[in-house]
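Participant: Mind looking at a prediction? Sequence and model below.
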Amino acid sequence: MIEERYELAIERIKEICKEDTVAGTYRGYFCSTARFIGMLDELNGKIESGTYADLPLYELKKWNESLYADILPGQYETSYANPDYAVEKTGREYGQILSFLYTELRGAIPYIFEGRKEYLDILYELFIEIYNAFEDKDEPETETLKEIVYWYASDYCDVFAADRVREQIDPEESFATDIIMDSNLSDLRYLYRFGEYISENEWKTAEHLNSLDASVIRKMADTFTEGYRMGFINTGKDLAKKSVVNIRYVIGFERVIRQAIENFAQMGLKPVIYRSGASVLTKRQHLKTGYYGAIPNKQYEYDHRNDQGLYLDKKFIERRLEVIQTAYEQNKELAARFAGPACMDVFGEHPFSPEQKDTAVRLTKKQEELSLLYESRSGQITNTYIKGEERSFTIVAYPVPEIGRQYEEIFDEVIRINTLDASLYAKVQQTLIDALDQGEYVHVKGRGGNKTDMRVQLYRLTDPQKETIFENCVADVNIPVGEVFTSPVLEGTGGILHVSRVYLNELLYQDLEITFSNGMIAEYTCGNFEREMENRSYVHDNILHRHATLPLGEFAIGTNTTAYVAARKYGMEDKLPILIAEKMGPHFAVGDTCYSWSEDIKVYNPDGKEIVARDNSVSARRAEDVSKAYFHCHTDITIPYDELGSITVVTPAGEEIPLLENGRFVLPGTEILNEPLEKYNN
């Protein structure tokens, strides 16, 4: 039946460019989209027949370029995927919907490679249904089109959403794993088997890894997998109960991932490696979760981050939550064996500051509230089957060639940073913690043009001999080494946090400024746009994730001056991921604490003291109403050393203990952290 549906849909779509049944205003859109589907059908035939796998490299590259050509910068301006262009050509009423439809159809590319023909049937039939609504030269009501989209989302939620749950926890869903383990990785044609866009970054990354000695690859993989294992040990969680690890990475790193899979196998873990969402029904805004290739155009991704606004209502939310609940219940044994994600991130791409388009779909205030409701309830469902107190994670990052002509040198430097001596940092960081444990609050001030002036209230210890406020982070789940962190007391915490330039969740912020009152965000803005309304909206959507406010979930002091010097040396400060950037100065995280969903699990530092500051007055609400305790976001914002005036611990007696002054560590016993800074300056 699936095959028959496919043939009927393709036969119908092939006739569209020959017909004269829609008004001329819309004929260009439908014919252009039909030709795109025709290209996909040709690709599908080659993959099913096996001829695609035998194509020479230049033809594989040509296919890859053809599939993604019209959304690349320079061509996106005249693509129906661009809501500006779609609105210009088809009118405002239809433009958003038709741009969404074309974008959704582009999800067919990975489905062809994965052999998901049922998904192709669903998408092509949606296109035909919308086309039929425009036939006979009558213009359909906008609500008619929205209704078609709504029932597409609702009817097929039980296919897309249910499959998504299973592929996130079931190692038998092994499309990517099979490519990684079975391919000849020295033959870079394998890159074109994933169905993702392959740019020079992915190509040159794979090429560079192939040039490295096996011992270097093993070192990278060992750092990655050992950090994961230690995450369970250091938090007292039983890894022996688990059998599945989710590996998330960017294409090009297959040689390291293959070694990591072998390492995990020795721990009794099988990999699940699922693709980042390709449909509005499986994506979360423009964010990437899973494996993926190059992002062809970040503006394209950003333009379509709110496409769910075309159909989102309470009925749909209830429908989707029901599907997720059922899918987890049907796979509850697999879910219980899920250990958590191991993430290999990348950095070095040019910072992206998006254009805000009036033609893009926006969520209404009511839809924003529904979206937050969905995040909360789906998080609760997930935590029921994959318990937070039983899972862990790890994350590490490496540069991509786009970082510049010194890529190979930078890559070697990042390997060094990711494998620094944890024991040295543990000792120095304990000195910081001993001082911080004496404090009532910490006072952080910026210098120069940095307007930061923050008071961070600290947990009050009852037994300093056995308890501590800050965690001594020694590169287990959070690689590289280099921070001490805590969950601040919200009451009494307040002031201004300011950073001149920072890159968060793939977006650039200039002059980001957030004001806190009693630990909660009270005001916020940035300097990206001329209009203040756009600046506030940008921060609200992408840092507050549409919440009215967020708590200060974490305060930390980064100690990795080696990473900071490397960033300055290579001029890559604005390209580093938060994973490394957070170790290069004090940072403040808005959202959930680092211990969210596992606050009741006892955690200990290497000195044996229990870290007791795991909660705050917001996360404590879980005892009465878990929906009010978590926000499902955690964004770290770092003040770099060169913008840092001072960090001072203030004791209950009013004594001041200076930790850093003018970007240098001044607490006795921590001066060794200044050595990389002094060497660089000299």
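Facilitator: Nice, I can see it. All figures in this text were calculated on a predicted structure; none of them were measured in a lab.
Participant: who's in contact with stretch 67-79?
Facilitator: Applying C-beta atoms under 8 Å, 6 or more residues apart in numbering, the external contacts of stretch 67-79 come out as 39, 43, 81-82, 84-85, 102, 106, 109, 197, 296-297, 299-300. To be clear about C-beta, it is placed using only N, CA and C from the backbone, and glycine gets the same treatment.
Participant: Centre of the chain to that stretch, how far?
Facilitator: Mean C-alpha position of stretch 67-79 versus that of the full chain (C-alpha atoms, centre = their mean, to the nearest Å) differs by 24 Å.
Participant: change the start of the numbering to 14 and stick with it
Facilitator: In the new numbering, first residue 14, that becomes stretch 80-92.
Participant: Please spell out which residues along it are buried.
Facilitator: Of the residues in stretch 80-92, those buried under the neighbour-count criterion (16 or more other C-beta atoms under 10 Å) are 80-81, 83-84, 89, 92.
Participant: So Leu520 sits against Glu362, correct?
Facilitator: No - here Leu520 lies out of contact with Glu362, judged by C-beta atoms under 8 Å, at a distance of 11.7 Å.
Participant: circling back: among the buried residues of stretch 80-92, name the ones in strands.
Facilitator: Of the positions in the buried residues of stretch 80-92, not one sits in strands, assigned by DSSP state E.
Participant: Go through these and say which is closest to Asn463.
Facilitator: Proximity of these to Asn463, judged by C-beta to C-beta, is greatest for Tyr89, which lies at 36.2 Å.
Participant: Quick check: the closest one vs Tyr81, distance?
Facilitator: Here the distance between Tyr89 and Tyr81 works out to 10 Å (C-beta to C-beta, to the nearest Å).
Participant: Each with direction, which strands does the biggest strand by length in the chain pair with?
Facilitator: When the chain is parsed with DSSP E, its longest strand is strand 502-517. Take DSSP bridges as the rule and strand 502-517 pairs in its sheet with strand 466-470 (antiparallel), strand 520-530 (antiparallel).
Participant: could you dump the first one to PDB, C-alpha only?
Facilitator: This file holds the C-alpha atoms of strand 466-470, laid out as PDB (Å, rounded to 0.1, in the frame of the first residue of the first chain):
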ATOM      1  CA  ASP A 466      27.500  44.500  39.100                       C
ATOM      2  CA  MET A 467      26.100  41.300  40.700                       C
ATOM      3  CA  ARG A 468      25.500  40.100  44.200                       C
ATOM      4  CA  VAL A 469      25.100  36.400  44.300                       C
ATOM      5  CA  GLN A 470      23.600  35.000  47.600                       C
END
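Participant: Outside of it itself, list whatever touches it.
Facilitator: By C-beta under 8 Å, 6+ apart, the list of residues contacting strand 466-470 from outside reads 453-459, 501-510, 529, 532, 565, 568, 601.
Participant: That strand: what's the following helix or strand?
Facilitator: Moving toward the C-terminus from strand 466-470, the next helix or strand (DSSP states H and E) is strand 480-481.
Participant: again, but for the last one
Facilitator: Moving toward the C-terminus from strand 520-530, the next helix or strand (DSSP H and E) is strand 533-538.
Participant: Between all of the contacts of stretch 80-92, which two are separated the most?
Facilitator: For the contacts of stretch 80-92, the maximum inter-member distance is 28.2 Å, found between Leu56 and Asp97 (C-beta to C-beta).
Participant: what sits opposite Gly508 in the beta ladder?
Facilitator: Applying DSSP bridges to Gly508 yields these beta-bridge partners: Met467, Phe529.
Participant: Which positions within stretch 21-34 qualify as buried?
Facilitator: 22-23, 25-26, 29.
Participant: now it, how far from the chain's geometric center?
Facilitator: For stretch 21-34, the separation from the chain centroid amounts to 39 Å (computed by C-alpha atoms, centre = their mean).
Participant: Same check on stretch 626-640?
Facilitator: 25 Å.
Participant: Render the CA-only coordinates of it in PDB, please.
Facilitator: The C-alpha trace of stretch 626-640 is given here as PDB (Å, rounded to 0.1, in the frame of the first residue of the first chain):
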ATOM      1  CA  ALA A 626      23.600  23.800  47.300                       C
ATOM      2  CA  ARG A 627      21.800  21.800  44.600                       C
ATOM      3  CA  ASP A 628      18.400  23.400  44.900                       C
ATOM      4  CA  ASN A 629      16.700  26.800  44.900                       C
ATOM      5  CA  SER A 630      13.300  28.100  45.900                       C
ATOM      6  CA  VAL A 631      12.000  27.500  42.400                       C
ATOM      7  CA  SER A 632      13.200  24.000  41.900                       C
ATOM      8  CA  ALA A 633      11.900  23.200  45.400                       C
ATOM      9  CA  ARG A 634       8.400  23.600  44.100                       C
ATOM     10  CA  ARG A 635       8.600  20.100  42.600                       C
ATOM     11  CA  ALA A 636       7.300  18.800  45.900                       C
ATOM     12  CA  GLU A 637       4.000  20.500  45.300                       C
ATOM     13  CA  ASP A 638       3.700  21.100  41.500                       C
ATOM     14  CA  VAL A 639       6.500  19.900  39.300                       C
ATOM     15  CA  SER A 640       5.300  22.000  36.400                       C
END
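Participant: Which residue is the nearest non-sequential neighbour of Ser45?
Facilitator: Nearest residue to Ser45, sequence neighbours excluded (C-beta to C-beta, 6 or more residues apart in numbering): Tyr93, at 6.4 Å.
Participant: In helices, which of the buried residues of stretch 21-34 appear?
Facilitator: Members of the buried residues of stretch 21-34 lying in helices (criterion: DSSP state H): 22-23, 25-26.
Participant: Just the terminal-to-terminal distance for stretch 675-692.
Facilitator: Between the start and the finish of stretch 675-692 there is a gap of 17 Å, counting by C-alpha to C-alpha, to the nearest Å.
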